[in-house]
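Asker: Would you be able to build a 3D model of this:
(chains A and B)
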2 protein chains.
Amino acid sequence: MEVQAAVAKINKYATSSSGDTVEVVERPHGGVSVVLADGQSSGKGAKSVSTMVVRKVITLLAEGVRDGAAARTASDSLFTERGGKVSATLNILSVDYQTRTLVATRNNPAPAIIALRDQIKWLNETSFPIGLYRDTRPVINEVSLETGLIAIAFSDGIMHAGERYGQSLDIVGCLQELFEEEEPSPQLIADTLLEHALRLDQHRPVDDISVIVLSVRKHTGDEVRRMSVRIPLEPNY
Amino acid sequence: MEVQAAVAKINKYATSSSGDTVEVVERPHGGVSVVLADGQSSGKGAKSVSTMVVRKVITLLAEGVRDGAAARTASDSLFTERGGKVSATLNILSVDYQTRTLVATRNNPAPAIIALRDQIKWLNETSFPIGLYRDTRPVINEVSLETGLIAIAFSDGIMHAGERYGQSLDIVGCLQELFEEEEPSPQLIADTLLEHALRLDQHRPVDDISVIVLSVRKHTGDEVRRMSVRIPLEPNY
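Answerer: The predicted structure follows:
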């Protein structure tokens, strides 16, 4: 088996700073976590909130704290620091080798997805953003690791895409089309969802949009771990 | 312009935990940093040291601390925590949009490289690992951002590759061959160096090997930020 993770992310149109923050961390007992936070509003204020939340969660995960506890700690920290006045959504997707599970942790009204090959399941139990109330708990879905597992989460920019024009993204349709291919890579899944959302916003996204994808696949090739990152500089640079 | 970063990493043969830790973080004022630490010895002890060092540095960079100061803080922390008995090497490669520079920070006897297109420059001023002495300073090289810039750093597994068989890796020769191609991607550069090192070790690496590459390129394509990660699970899983 191997784990692949992918992130695709774009700023709200004509803003230089995204309110979304995404980071990836290797888990100390094996496995990997992808953490996405979206700070309330957009621009610099939102960025500092989402950065704080992601840093807190990543630091705890790196110390071996479990995902649910990390999310609750981040919520209490944000609540304490900002007096319940600032919220953020938080998603954690993890492959945990210790428990041999894939774990999707959600403090986000927007749904997430777990798919097993072409079986798509919405994770849409009621879930609240962090920071507004003391002791906000995340919704956690945990499934045994097996090849073909895919978890997908996104910031609400995906849900709002096209709203301005009375349209909305058909996420399931989009995924079904992707799953007709032989094992689409997580980067292809993330890119395709983002690209569809951008098209609905006529390439001027009304909000920051981030998509994170984690996939458990048959191991092929070598034992090398790889990571690659691409960041365009601002056009005015 | 755009920035691309890549990591390729493999464990010492027949060990499940690498003493090397690599993480990537977006800088709060724009840009990206790749941080590599290699803990003394190998296995679990080394991993916990390198994880601690990388977490410390990443946390500071995310707060806007400059690279040199982050490296010195990590050194003093390790020195204080382990009483000068445990060392680690540390490399930070950053693209800093605020200063418009590429910064290579080195606490590592092993050299690093900055290349501008096919001009390869060794960064080999004397440099010491962190943790052994109070106030250990890194060697810092800083150059103005321009397209075609490439920075490369690696853990000493690259330097030791082939030693068992009386051979050593011709890094410059390897890079010159790569640079004959039109703009090799950082992932190709990292993969190729690692692959050559593995071949010299007859695919049983005597040490953890990590290669990190940062490259400044002409901006092509869309404004989407992308990250992808691939982690093979242990063969016995």
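
Asker: If you average pLDDT per helix and strand, which one of chain A comes out bottom?
Answerer: Least confident helix or strand, chain A: helix A:44-62 with a mean of 89, by mean pLDDT, DSSP states H and E.

Asker: which helices and strands does that one pack with?
Answerer: strand A:20-26, strand A:31-39, helix A:67-82, strand A:88-96, helix B:44-62 (3 or more C-beta pairs under 8 Å, 6 or more residues apart in numbering or on different chains; DSSP states H and E). Any C-beta I mention is one placed from the backbone N, CA and C, and that applies to glycine too.

Asker: pLDDT weak spots in chain A?
Answerer: Along chain A, the model assigns pLDDT under 70 to residues A:16-17, A:41-43, A:234-237.

Asker: quick revisit: now the helices and strands packed on helix A:44-62 in a markdown table, please, with extra columns for mean neighbour count and distance to residue B:169.
Answerer: Shown next, in a markdown table, are the helices and strands packed on helix A:44-62 (neighbours: other C-beta atoms under 10 Å in any protein chain shown; distance: least, C-beta to C-beta, whole Å):
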| stretch | mean neighbour count | distance to residue B:169 |
| --- | --- | --- |
| strand A:20-26 | 25 | 26 |
| strand A:31-39 | 27 | 29 |
| helix A:67-82 | 20 | 40 |
| strand A:88-96 | 27 | 33 |
| helix B:44-62 | 22 | 22 |
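
Asker: can you map out the helices along chain A?
Answerer: A:44-62, A:67-82, A:157-160, A:171-179, A:186-200 (DSSP state H).

Asker: Next, format those as a markdown table and append distance to residue B:159.
Answerer: Listed next are the helices of chain A as a markdown table, based on distance: least, C-beta to C-beta, whole Å:
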| stretch | distance to residue B:159 |
| --- | --- |
| helix A:44-62 | 28 |
| helix A:67-82 | 37 |
| helix A:157-160 | 45 |
| helix A:171-179 | 43 |
| helix A:186-200 | 32 |
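
Asker: which one of those helices lies closest to residue B:149?
Answerer: Closest approach to residue B:149 among the helices of chain A (C-beta to C-beta): helix A:186-200, 24.9 Å.

Asker: and the closest one, how far out from the chain's middle?
Answerer: 13 Å (C-alpha atoms, centre = their mean, to the nearest Å).

Asker: Need the residues that contact that helix.
Answerer: A:4-10, A:150, A:152, A:154, A:157-158, A:161-162, A:165, A:167-169, A:171, A:174-175, A:178, A:181, A:184, A:205, A:209, A:211-215, B:224, B:226, B:228 (C-beta atoms under 8 Å, 6 or more residues apart in numbering or on different chains).

Asker: Could you figure out how far that helix is turned away from strand A:31-39?
Answerer: 20 degrees (axes from the mean of the first three to the mean of the last three C-alpha atoms, to 10 degrees).

Asker: got the angle for helix A:186-200 vs helix A:171-179?
Answerer: Orientation check (the same axes, to 10 degrees): helix A:186-200 against helix A:171-179 gives 140 degrees.

Asker: buried sites along helix A:186-200?
Answerer: By 16 or more other C-beta atoms under 10 Å in any protein chain shown, the buried positions in helix A:186-200 come out as A:186-187, A:189-198, A:200.

Asker: Kindly indicate which of those lies nearest chain B.
Answerer: Closest approach to chain B among these (C-beta to the nearest C-beta): residue A:187, at 4.7 Å.

Asker: Quick check: the spatially closest residue to residue A:118 that is not a sequence neighbour vs chain B, distance?
Answerer: Nearest non-adjacent residue to residue A:118, counting by C-beta to C-beta, 6 or more residues apart in numbering or on different chains: residue A:179, 4.2 Å away. In this view, residue A:179 and chain B are 19 Å apart by C-beta to the nearest C-beta, to the nearest Å.

Asker: State the number of residues packed around residue A:179.
Answerer: 18 (other C-beta atoms under 10 Å in any protein chain shown).

Asker: Next: residue A:176.
Answerer: Neighbour count of residue A:176, defined by other C-beta under 10 Å: 13.

Asker: ok, the residue nearest to residue A:118 to residue A:116 distance?
Answerer: 10 Å (C-beta to C-beta, to the nearest Å).

Asker: do the same with residue A:44
Answerer: The gap separating residue A:44 from residue A:116 is 40 Å, by C-beta to C-beta.

Asker: got it, and residue A:155?
Answerer: For residue A:155, the distance to residue A:116 - C-beta to C-beta - is 24 Å.

Asker: which of these two has more neighbours?
Answerer: The residue with more neighbours, out of residue A:155 and residue A:116, is residue A:155; 28 against 15, by other C-beta under 10 Å.

Asker: I'd guessed residue A:76 sits against residue A:133; true?
Answerer: No: using C-beta atoms under 8 Å as the test, residue A:76 is too far from residue A:133 to be in contact (9.8 Å).

Asker: re the thing from before, if any of the contacts of helix A:186-200 are buried, give me the PyMOL selection for them.
Answerer: To isolate the buried ones among the contacts of helix A:186-200 in PyMOL, judged by 16+ other C-beta under 10 Å, type:
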select buried, (chain A and resi 4+5+6+7+8+9+10+150+152+154+157+158+161+162+169+171+174+175+178+184+205+209+211+212+213+214+215) or (chain B and resi 224+226+228)
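
Asker: Just the angle for the least confident helix or strand of chain A relative to strand A:88-96, thanks.
Answerer: Going by the same axes, to 10 degrees, helix A:44-62 is angled at 30 degrees with respect to strand A:88-96.

Asker: give the contact list for residue A:212.
Answerer: Counting by C-beta under 8 Å, 6+ apart, residue A:212 touches A:5-7, A:22, A:34, A:36, A:91, A:93, A:152-154, A:190.

Asker: picking that back up, is it possible to export the helices and strands packed on helix A:44-62 to TSV including distance to residue B:139?
Answerer: What follows is the helices and strands packed on helix A:44-62, written out as TSV (distance: least, C-beta to C-beta, whole Å):
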stretch	distance to residue B:139
strand A:20-26	27
strand A:31-39	32
helix A:67-82	36
strand A:88-96	37
helix B:44-62	16
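
Asker: Any idea which of the ones you listed gets closest to residue A:55?
Answerer: Comparing the helices and strands packed on helix A:44-62 against residue A:55 with C-beta to C-beta, the closest turns out to be helix B:44-62 (5.5 Å).

Asker: Just give the number of residues close to residue A:29.
Answerer: Neighbour tally, residue A:29, other C-beta under 10 Å: 11.

Asker: quick one, which of the helices and strands packed on helix A:44-62 is nearest to residue B:70?
Answerer: Nearest of those to residue B:70, taken as C-beta to C-beta: helix B:44-62 at 4.0 Å.

Asker: Give me the neighbour count for residue A:137.
Answerer: 13.

Asker: now do the one 10 residues further on
Answerer: Residues contacting residue A:147 under the criterion other C-beta under 10 Å number 14.

Asker: which ones are touching it?
Answerer: The neighbours of residue A:147, taking C-beta under 8 Å, 6+ apart as the test, are A:1, A:216-218.

Asker: out of everything not next to it in sequence, what's closest to residue A:181?
Answerer: residue A:188 (8.0 Å).

Asker: Cheers, nothing more for now.
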